[in-house]
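Engineer: Just need the structure, nothing else, for what follows:
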Amino acid sequence: MKNYLTLFPVSLSVLCLSLAFGSVILWMPTNLEAAIVWNLAIMMAPALALLAEWQMARERQFQLTTVVTLIAIVNTSIVLGSRLGAWSGADWVRALGGQGLPDLPGKTVMGGLVLAILVYIALKRLWKLPAALADVLAIGLPLAAVSGRVGCLVAGCCYGIPTNSNWGISYGPGTPAYEHQVAAGILHEGAASTTFLYPIQLILIGGNFLIFLIMWGLRNKVSRPGALAFLGLGLLTFQRFGIEFFRDVATNRGSFGVMLGGLKTGQWVMLAIALCSLAGFAWLYFTQPVNKRPDQPTQLPVGTAPQAYVLGGIILGGFLLRDVLTLDEAMVILISCLPAMVLLGRSLWRDYHAGRTVFAPASLLSISAILLIANPIDTIPAKPSSMEWKRWVDVGAGATLGNYEDISRDCDGNVVERYKVNTRSGGGEVNANWQRGFTRLRVGVRGAFGVVSTDENIYTDNNYRYSALGLQTEASGKFMGLSIGLYHLHQSFPAKVGNDVFPTNQFLPSGTLRIGRADRYSVDFRLYDEPGLGLVAEPPFSMGLINWGFNDLSGQSLVRAGFAVTSASESSLHLFGRFPIGKTGLSGNVTFYLGNATMFNAGLRYRFKEK
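Structural biologist: Numbering: from 1, shown residues only. The predicted structure follows:
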């Protein structure tokens, strides 16, 4: 199984390469299809890179939370730098002079690469990061570039200069290449396609894929810390230096396209980075001693709070520049930062139970989550909402099956004992709803029952049957929602557990606080009120870093991602999805808890006709 996981990034790269050639040879996409493929290819880039980086981090036994956070910071820097690098001198004067941000000037990955290098150097010095960590971050760069250039190939951007050879490619009306040749007088209006152009996108796809294969094959052979990063960066920038000779100057943005001494400014920058990187690789490879692999996981010398501060700060920077970001760029930032935010949230929760102060970084992380989701979702047009009150009743039922891990720790935080706790539960609810526009009121009753038990140790309070019955009310507005409830919990323990075999009865509160738009994006905090089915035994609390409503005011479409607290000191990744089933009034929902809990929840809800 391990060998298959190792080859997984390579297999996906081959798939991307095949799609690239197929899209040109077998498929001539329309403008809309090209735009969709381009956006998907750009959004796939950080996901493909993360697969390779995650695998290498596991092989190097690095602390994954810090690695994923650094990946998010570097990727966000590439996105922002790509935009900033495309600004001209006049654009900078306008922005710094307080006259507002410039109109979308395009983007250049050269600017993103420069900013990412500067940000990483600063963090390396500030956090005293090991040089070997750069190898992990660099392994995914060529893989991301493969996916990105697939989008460029299909969309007809970043094209080459004209060529008389038969192996050139041409583009039809509506593409950037076609529009440029019409404006330059090379084509007449109404021409079927452009002249033949150097297929530099295909060359970059093949070159980036080859660089990735070289780095992937050498990752266990080049063991000098940092040498692999120098090699990859040198090859990438030297390739970009060479390809610029065949790239149409009209596709260069900002100062990087200005000619200086017979070369573009961007070529001088790429050549300088390439020579320095390859010299660094040669120096490390031939002069530095071989680094032995650690036998124990490498604990990186930086705490959770500093990581949350830096990640939150760079997300804030992206939000301030949101007017010059497109949907695909905002989604790249979202995809890159989401895993880091979930892992940082888990780490902050553990720090809290260890007695550390986490209010400031946790607050910044929560605010950042709202801003992170605001960028892409704000590009979705809002549906007009009715100003008439609508009334309906819905009923729902569901069940949960799985287990979670309960860990006992001593005063120093050391693990004393672990319990595998199995849980099985089911239940239902009935709600009356009133809605007008974004205002929604709900009153309902819900009930649940279940069994909680342990396999290893029956002498714990994790063995009981329970039933719960509660009342829930909700008031929801455009940017905030609040639900409050009270329920009665009855627990009956088997005679084997302790001396107290009497059943227990207690009244406990439940509720949800939502911040953000329910139909687009929000963050929520839930206490005994899971979105699929409330009143379950575990988890008692969860936080949804992302609630994506798909512009659906009815609440039948929702994706939620965050973490859930499964015991006093442990948490797990939480994923939830709700979807309508045609126009039948039915909707389904599924929930996964992954990590220290492995549980699955599924349910159905029926909405009676509105009045």
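Engineer: Every contact and neighbour count from this point should use C-alpha atoms.
Structural biologist: Noted.
Engineer: need the next SSE after the longest strand seen in the chain, C-terminal direction.
Structural biologist: Determined from DSSP state E, the single longest strand within the chain is strand 415-436. Sequence order places strand 439-454 as the next helix or strand after strand 415-436, per DSSP states H and E.
Engineer: Pretty sure residue 66 sits against residue 307.
Structural biologist: Yes. With contacts defined as CA atoms under 8 Å, residue 66 counts as touching residue 307 at a distance of 7.4 Å.
Engineer: hey, where'd the strands end up in this protein?
Structural biologist: 259-260, 263-264, 390-409, 415-436, 439-454, 464-476, 480-492, 504-516, 521-527, 541-548, 558-565, 571-580, 586-595, 597-607.
Engineer: would you list these in CSV and tack on distance to residue 178 and mean pLDDT?
Structural biologist: As requested, the strands of the chain are exported to CSV (distance: least, CA to CA, whole Å; pLDDT from 0 to 100):
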stretch, distance to residue 178, mean pLDDT
strand 259-260, 24, 77
strand 263-264, 23, 84
strand 390-409, 51, 82
strand 415-436, 48, 83
strand 439-454, 49, 88
strand 464-476, 50, 88
strand 480-492, 47, 88
strand 504-516, 42, 86
strand 521-527, 38, 85
strand 541-548, 37, 82
strand 558-565, 39, 83
strand 571-580, 41, 82
strand 586-595, 46, 84
strand 597-607, 51, 86
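Engineer: got a markdown table for those, with mean neighbour count too?
Structural biologist: Below are the strands of the chain laid out as a markdown table (neighbours: other CA atoms under 10 Å):
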| stretch | mean neighbour count |
| --- | --- |
| strand 259-260 | 13 |
| strand 263-264 | 17 |
| strand 390-409 | 18 |
| strand 415-436 | 18 |
| strand 439-454 | 19 |
| strand 464-476 | 20 |
| strand 480-492 | 18 |
| strand 504-516 | 17 |
| strand 521-527 | 23 |
| strand 541-548 | 25 |
| strand 558-565 | 24 |
| strand 571-580 | 22 |
| strand 586-595 | 20 |
| strand 597-607 | 20 |
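Engineer: Need these in a markdown table (columns: distance to residue 272).
Structural biologist: Formatted as a markdown table, the strands of the chain follow (distance: least, CA to CA, whole Å):
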| stretch | distance to residue 272 |
| --- | --- |
| strand 259-260 | 14 |
| strand 263-264 | 13 |
| strand 390-409 | 52 |
| strand 415-436 | 51 |
| strand 439-454 | 58 |
| strand 464-476 | 56 |
| strand 480-492 | 51 |
| strand 504-516 | 46 |
| strand 521-527 | 43 |
| strand 541-548 | 41 |
| strand 558-565 | 42 |
| strand 571-580 | 43 |
| strand 586-595 | 45 |
| strand 597-607 | 50 |
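Engineer: Look up the pLDDT of residue 458 for me, please.
Structural biologist: We note a pLDDT of 56 for residue 458 in this prediction.
Engineer: er, residue 48 I mean
Structural biologist: pLDDT at residue 48 comes out at 83.
Engineer: That one reaches residue 143, doesn't it?
Structural biologist: Yes. With contacts counted by CA under 8 Å, residue 48 reaches residue 143, the gap being 6.6 Å.
Engineer: Looking at the strands of the chain, spot the one closest to residue 210.
Structural biologist: Checking the strands of the chain against residue 210 by CA to CA gives strand 263-264 as the closest, at 25.4 Å.
Engineer: strand partners of the closest one, parallel vs antiparallel please.
Structural biologist: Here strand 263-264 has these sheet partners by DSSP bridges: strand 259-260 (antiparallel).
Engineer: which residues touch the strand it pairs with?
Structural biologist: residue 265 (CA atoms under 8 Å, 6 or more residues apart in numbering).
Engineer: List the buried residues of stretch 157-166.
Structural biologist: 157-162 (16 or more other CA atoms under 10 Å).
Engineer: Could you pull up the residues touching the nearest residue to residue 594 once chain neighbours are set aside?
Structural biologist: Setting aside the residues directly before and after it, residue 594 is nearest to residue 573 in space (CA to CA, 6 or more residues apart in numbering), at 5.1 Å. Going by CA under 8 Å, 6+ apart, residue 573 touches 342, 561-564, 593-595.
Engineer: go on, residue 429?
Structural biologist: 395-397, 444-447.
Engineer: give me the beta-bridge partners of it?
Structural biologist: Beta-bridge partners recorded for residue 429 (DSSP bridges): residue 396, residue 446.
Engineer: Please write out the alpha-carbon positions of stretch 271-289 in PDB.
Structural biologist: What follows is stretch 271-289, C-alpha atoms only, in PDB (Å, rounded to 0.1, in the frame of the first residue of the first chain):
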ATOM      1  CA  LEU A 271      18.600  34.000 -14.400                       C
ATOM      2  CA  ALA A 272      19.900  35.400 -11.100                       C
ATOM      3  CA  ILE A 273      17.700  33.100  -9.100                       C
ATOM      4  CA  ALA A 274      18.700  30.100 -11.300                       C
ATOM      5  CA  LEU A 275      22.500  30.700 -11.000                       C
ATOM      6  CA  CYS A 276      22.300  31.300  -7.200                       C
ATOM      7  CA  SER A 277      20.100  28.200  -6.700                       C
ATOM      8  CA  LEU A 278      22.300  25.900  -8.800                       C
ATOM      9  CA  ALA A 279      25.400  27.200  -7.100                       C
ATOM     10  CA  GLY A 280      23.800  26.500  -3.800                       C
ATOM     11  CA  PHE A 281      22.900  23.000  -4.800                       C
ATOM     12  CA  ALA A 282      26.500  22.300  -6.000                       C
ATOM     13  CA  TRP A 283      28.000  23.800  -2.800                       C
ATOM     14  CA  LEU A 284      25.700  21.700  -0.500                       C
ATOM     15  CA  TYR A 285      26.000  18.500  -2.600                       C
ATOM     16  CA  PHE A 286      29.800  18.500  -2.800                       C
ATOM     17  CA  THR A 287      30.900  20.200   0.500                       C
ATOM     18  CA  GLN A 288      28.300  19.400   3.100                       C
ATOM     19  CA  PRO A 289      28.100  16.100   5.000                       C
END
